[in-house]
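Novice: following is a predicted model, sequence given first.
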Amino acid sequence: MRKLVLLMCFFVLTMYTFNISLFAEDVTASRAQPAVNKSSGVNAVAADKSSDATNTSDIDGDIDYVDISMEATTFVKVKDSFQTYNRAMFTFNDKLYYYFFRPLSKGYKTVIPEVARLGVRNFFTNVRMPGRFFNCIFQGKFKGAGTEFSRFLINSTIGGAGFTDPAKKYFHLDLKDEDFGQTLGNYDLGPGSFLELPFIGPSNIRDAFGLIVDTVLDPVTLLSFVSPYATIGAKGYIAVNDISIDKGDTYEGLVENQIDPYIAIQDAYTQNRTKKIKE
């Protein structure tokens, strides 16, 4: 029974870490308040960032933070078959963020210097190369796969085990942010209904399945063979570290002053995923 509980905790933290990274790295937060249509076709902030902001910063150079910009507002039709459940789960996740993860990350941010936190993010981004590499292969993006492999070799050696990002700074090799949800979308598999997952946040049926595959491809998962506690600790630490680096306060920027924060997050997530699949 204890092993089952540990396994569930590990999976939840894995998924939470993935979505934290998604918001901290991929969602462009605007503090403007757009008009919101509460039907399935909704108006929301544009949700992406430039390719440069996708990448981790090199702690030896200028620190690049998440770009905060406003793009043209577009309409996205979102299937929301489980809206009653989704709204209840959104409220739970929102409280979890504000009353647990946010205070914890602020305390961590006070104690740990920014240069160290950026180094940690760079390290785990480098370690997680296999997921991006194989998803590039799955999508037939062989040049992207080569870029990921080259980045890994450069950053693992002259980058000090991945704590810095000389591959981007000196060789202009940008990270290829691919995951299995995008791979499925690349083969025209639709997103299905929107899902607000407990502890994890916004997703959909396609991406929820993709998260499971990405967990298998994540080298951090291998820590479970050493100890489930090690895996849970690593996943939780990555989540807190990522939140502490998010200079744009991305989640708060998306929900602040919104008529309907649930719709704002739903549409931002959907627009972001749609754009990434098309790239």
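Specialist: Yes, it's here.
Novice: helices along the protein, start to end?
Specialist: Applying DSSP state H to the chain gives helices spanning 2-26, 83-96, 102-111, 114-127, 129-138, 142-157, 166-169, 180-186, 205-217, 228-245, 250-255, 261-278.
Novice: which of these sits closest to P198?
Specialist: Of all these, helix 83-96 sits nearest to P198, with 5.6 Å by Cβ to Cβ. All C-beta atoms are positioned from the backbone trio N, CA, C, and that covers glycine.
Novice: which phi and psi values does D188 adopt?
Specialist: phi 70, psi 20 (degrees, to the nearest 10).
Novice: number of nearby residues for it?
Specialist: 7 (other Cβ atoms under 10 Å).
Novice: what about the stretch 1-150 of the chain, any weak spots by pLDDT?
Specialist: Low-confidence segments of the stretch 1-150 of the chain, defined by pLDDT under 70: 1-76.
Novice: make it 80
Specialist: 1-77 (pLDDT under 80).
Novice: over to the stretch 151-279 of the chain?
Specialist: 223-228, 231, 246-250.
Novice: contacts for stretch 79-88?
Specialist: S40, P191, G192, S193, F194, L195, E196, Y262, Q266 (Cβ atoms under 8 Å, 6 or more residues apart in numbering).
Novice: okay, the residues you listed in JSON lines with neighbour count and distance to Y108 next?
Specialist: Output for the contacts of stretch 79-88, formatted as JSON lines (neighbours: other Cβ atoms under 10 Å; distance: Cβ to Cβ, whole Å):
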{"residue": "S40", "neighbour count": "15", "distance to Y108": "39"}
{"residue": "P191", "neighbour count": "22", "distance to Y108": "34"}
{"residue": "G192", "neighbour count": "15", "distance to Y108": "36"}
{"residue": "S193", "neighbour count": "15", "distance to Y108": "35"}
{"residue": "F194", "neighbour count": "23", "distance to Y108": "31"}
{"residue": "L195", "neighbour count": "21", "distance to Y108": "29"}
{"residue": "E196", "neighbour count": "26", "distance to Y108": "26"}
{"residue": "Y262", "neighbour count": "21", "distance to Y108": "28"}
{"residue": "Q266", "neighbour count": "25", "distance to Y108": "29"}
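Novice: so which of the helices of the chain gets nearest K77?
Specialist: Taking the helices of the chain one by one with Cβ to Cβ, helix 261-278 is closest: 8.8 Å.
Novice: can you give me the buried ones in the closest one?
Specialist: 261-273, 276-277 (16 or more other Cβ atoms under 10 Å).
Novice: over to stretch 141-149?
Specialist: K141, G144, A145, T147, E148.
Novice: from the residues you listed, pick the one nearest G119.
Specialist: Nearest to G119 among these: E148, at 20.0 Å, using Cβ to Cβ.
Novice: great, nothing more from me.
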